[in-house]
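Colleague: Got a sequence here, can you build the structure:
(2 chains)
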Amino acid sequence: MTNRRDTDPLIHLLSDLNPVSKEALTKTQRIRSQALLQRITAHAPTGKSAAANAGRRQTTLKIRALRWAAIPAATALAIGIGIAIPGSPLTPPAAASMHSWTPEPEQIEQTTLAMANRACNNALNNLDPGWPDGWPFEVDALPVVADLRGDWGLVVMEGLLRPGGGLVDASCLIWFETPDIPVVQRVTLDSQRGGVEQRPISAESSPQGNVTSGQRLNYQLISPLLPSASASESRFIGAEEETTFSNLHGRVSDDVARLIVHTVTAGDVEATVTDGWFAVWWPGEWGDRQPLQYFDGTPWLDADGAEVIIGHQPALGITVITIGGESREIVLPAWGEGHGSISLQ
Amino acid sequence: MTVSADASSEFADAFTAHYPGVLAFATRRVGESDGEDVAAEVFARAWNAWHKAPRQAIRPWLFGIAHNLVVDTYRAKERRDRLQTRMSAQRPSAPDDQLRLTEASVDIARAWQQLSLSDRETLALVAWDGLSQAEASAVLGCNRATYSVRLSRARKRLTSLLETTPNPAPSEGSSR
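Modeller: Take a look at the predicted model:
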């Protein structure tokens, strides 16, 4: 095929004005494009012609939402455990808005919580884990604790997964555009009791087995204070920049009044404690960053063959204060030291 | 509408092959900040109409969607002005792109700014996007003969502007 650029001197000269002379993607663009592809093909085509669509004005918000939506899905695939999606047509402001975060939680209004619950359930039932046949489950979850800080909040939910009926936890990070408009940014289904890990997501994305280090950490704490807890570090793209947040949630016994988590990256953070549950989240990573590995120590490689570096989860100190005013220091061990079952003695 | 695994796989292949080109196409016209949004919308629309996609000419088909989207998006005057500014402002800068503007390219940049958007697009499809005339005509939704005439006219107008555009005065410190 004749390329006029090669034969026409004027066209050749014009090519010097080309503002984008190369068609290569940056690494970030490549990751985003892969996530975009998954997002687009997760839904059956509408069958409307491109020409008809082209004549219809699209809002930038909708377009931006597509890009926003694409990122966590890809992240979830890369992680292999836990499934996360956004669930809103709105894009939050720059992730810098997490500056409204405070080390002490705020009380969440019941009406706000109810709206957040609907938004999170909607997100949970539209998970996009990249499975060939789509998301096969339905979840009816109810909030058990909500940790609100500034314009952002983490809602921890518990519900039944159908089919199967397994009990699952879910955590849902929300940006409140206003108190009446919850915008789900990331929802993660915690499969430790639900059996989601039995599905082929691991085989799809990590043929060597589930990821063990960093990113997601589930463990049972053999203690009357913290019978079980789930901790994770997640990252997503908000507006134009990558955002990382860490969270920890689980059960507490009835006599626990307060929990103060001594984080590496955000200082002392007080958790929200409600009805036998606690939740806490903070912007930033859990700890330092290390290569992601499979169970057998094989490094996790991205599409370019480069090692995936993620936040390491070191030991974390927690001050537990009982209703009687007594306090006790406990330590969540670093990942790799507990392997899912630890004893606090 | 359901989609077969083959179609899905075909679309994925097309996406992988053409996303960089579509992104570059869009970025040339709307800038970096909006280019990715346009590219995302192009493929979302392409997926919805995948059953009608011309399998032998996917690239110009996708560029055509992008072209329509850009035109539609930037139809409003203020948007058009913005686009105009951007297209003229995005000349390569020597330090960044390791390109050195020759005297001729300075002239052509000045002439380019005086061209209509329609002429610029006609020329850009071959000069920037590397399309053949047949492909460019598909992007614009006209037949090849029509595009050929448009290209010829745009080329003549550019040549004419080049002949009438005065050379820039030598800047201070110039060795000339």
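
Colleague: Strands of the stretch 151-300 of chain A, start to end?
Modeller: A:152-162, A:166-178, A:181-190, A:216-222, A:228-238, A:241-251, A:256-262, A:268-270, A:272-274, A:277-283, A:289-291 (DSSP state E, counting those that start in this stretch).

Colleague: again with chain B
Modeller: Along chain B, counting by DSSP state E, no stretch forms strands.

Colleague: Could you measure from A:Ala44 over to chain B?
Modeller: 5 Å (CB to the nearest CB, to the nearest Å). All C-beta spots, glycine's among them, are computed from the backbone N, C-alpha and C.

Colleague: Neighbours of that residue, how many?
Modeller: A:Ala44: 13 surrounding residues under other CB atoms under 10 Å in any protein chain shown.

Colleague: next one: A:Asp151
Modeller: Neighbour tally, A:Asp151, other CB under 10 Å: 19.

Colleague: Would you mind listing the residues in contact with the closest residue to it other than its chain neighbours?
Modeller: Computed as CB to CB, 6 or more residues apart in numbering or on different chains, the closest residue to A:Asp151 that is not its neighbour in sequence is A:Ser100, at 4.6 Å. Counting by CB atoms under 8 Å, 6 or more residues apart in numbering or on different chains, A:Ser100 makes contact with A:149-152.

Colleague: which pair in those residues spans the largest distance?
Modeller: A:Arg149 and A:Asp151 (8.4 Å; CB to CB).

Colleague: returning to that earlier point: pLDDT score assigned to the residue nearest to A:Asp151?
Modeller: What the model reports as pLDDT for A:Ser100 is 86.

Colleague: Same question for the one 3 residues further on.
Modeller: As summarised for this prediction, A:Pro103 has a pLDDT of 94.

Colleague: Equivalent analysis for the one 10 residues further on, please.
Modeller: You'll see A:Leu113 listed with a pLDDT of 89.

Colleague: and the gap between it and A:Ala257?
Modeller: 21 Å (CB to CB, to the nearest Å).

Colleague: could you point out the longest helix in chain B?
Modeller: helix B:5-30 (DSSP state H).

Colleague: Give the burial count for residue 8, as a bare number.
Modeller: No chain was given, so I picked chain A. Counted with other CB under 10 Å, A:Asp8 comes out at 17.

Colleague: nope, chain B
Modeller: 16.

Colleague: sorry, back to before: ok now the longest helix of chain B, how far from the chain's centre?
Modeller: Centre-to-centre, helix B:5-30 and its host chain are 15 Å apart (CA atoms, centre = their mean, to the nearest Å).

Colleague: A:Asp275: what's it in contact with?
Modeller: Counting by CB under 8 Å, 6+ apart, A:Asp275 has contacts A:144-145.

Colleague: again with the one 5 residues further on
Modeller: A:Val280 makes contact with A:105, A:147, A:154, A:247-249, A:259, A:261, A:269-272 under the criterion CB under 8 Å, 6+ apart.

Colleague: 6 Å - rerun?
Modeller: Remark: with contacts taken as CB atoms under 6 Å, 6 or more residues apart in numbering or on different chains, A:Val280 is in contact with A:147, A:248, A:261, A:269, A:271.

Colleague: Can you name the residues bridging to it?
Modeller: A:Leu248 (DSSP bridges).

Colleague: Okay, it and A:Ile11: tell me how far apart.
Modeller: Counting by CB to CB - A:Val280 and A:Ile11 are separated by 61 Å.

Colleague: Sketch out the low-pLDDT regions of the stretch 51-200 of chain A for me.
Modeller: Scanning the stretch 51-200 of chain A for pLDDT under 70 picks out the ranges A:51-97, A:127-136, A:163-167, A:190-200.

Colleague: Quick one: residues contacting B:Arg144.
Modeller: Applying CB under 6 Å, 6+ apart, the residues contacting B:Arg144 are B:133-134, B:137.

Colleague: And the residues you listed, which of them are buried?
Modeller: Neighbour-count burial (16 or more other CB atoms under 10 Å in any protein chain shown) applied to the contacts of B:Arg144 gives B:133, B:137.

Colleague: got JSON lines for the contacts of B:Arg144, with pLDDT too?
Modeller: Formatted as JSON lines, these follow (pLDDT from 0 to 100):
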{"residue": "B:Gln133", "pLDDT": "90"}
{"residue": "B:Ala134", "pLDDT": "90"}
{"residue": "B:Ser137", "pLDDT": "90"}
